[in-house]
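Asks: Any chance you could fold what I've pasted below:
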Amino acid sequence: MAENENALEAGANASGEATGAAPATEQPPQTEEITYHAVEKDGQVTAIWEMQGRKHLRTIDPRSRQGQEILRLYTAEHEQQ
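Replies: Modelled structure (predicted):
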């Protein structure tokens, strides 16, 4: 019984599998920066895509508070250049 208790203290469960370890299918955290892409139709922004690398995270309505903030920051940056 002492061997079983030592195994549990060493981070293994009763079946001998490690506890607290990440599953083998889990990937390391992504370090790619988040970018925003405006989707335009007939000169109007119809959506804003939040992307991390090539992965689409979500779509933001340009009429929402957050969408307006993103567009405001984008236009302010491009006016200074």
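Asks: And the strands in the chain?
Replies: With DSSP state E, the ranges of strands along the chain come out as 34-41, 44-52, 55-60.
Asks: Quick one: closest of those strands to Gln80.
Replies: strand 34-41 (17.7 Å; Cβ to Cβ). C-beta coordinates here come from the backbone N, C-alpha and C atoms, glycine included.
Asks: what separates Thr59 from Ala76, distance-wise?
Replies: According to Cβ to Cβ, to the nearest Å, Thr59 stands 23 Å off from Ala76.
Asks: Tell me which of those two has more neighbours.
Replies: A direct count of neighbours by other Cβ atoms under 10 Å for Thr59 and Ala76 places Thr59 higher, at 13 against 9.
Asks: so that one touches Val45, yeah?
Replies: No: with contacts counted by Cβ atoms under 8 Å, Thr59 stays clear of Val45, the gap being 11.8 Å.
Asks: For the nearest residue to Leu57 once chain neighbours are set aside, grab the count of nearby residues.
Replies: Nearest residue to Leu57, sequence neighbours excluded (Cβ to Cβ, 6 or more residues apart in numbering): Glu50, at 4.5 Å. Residues lying near Glu50 (other Cβ under 10 Å) number 16.
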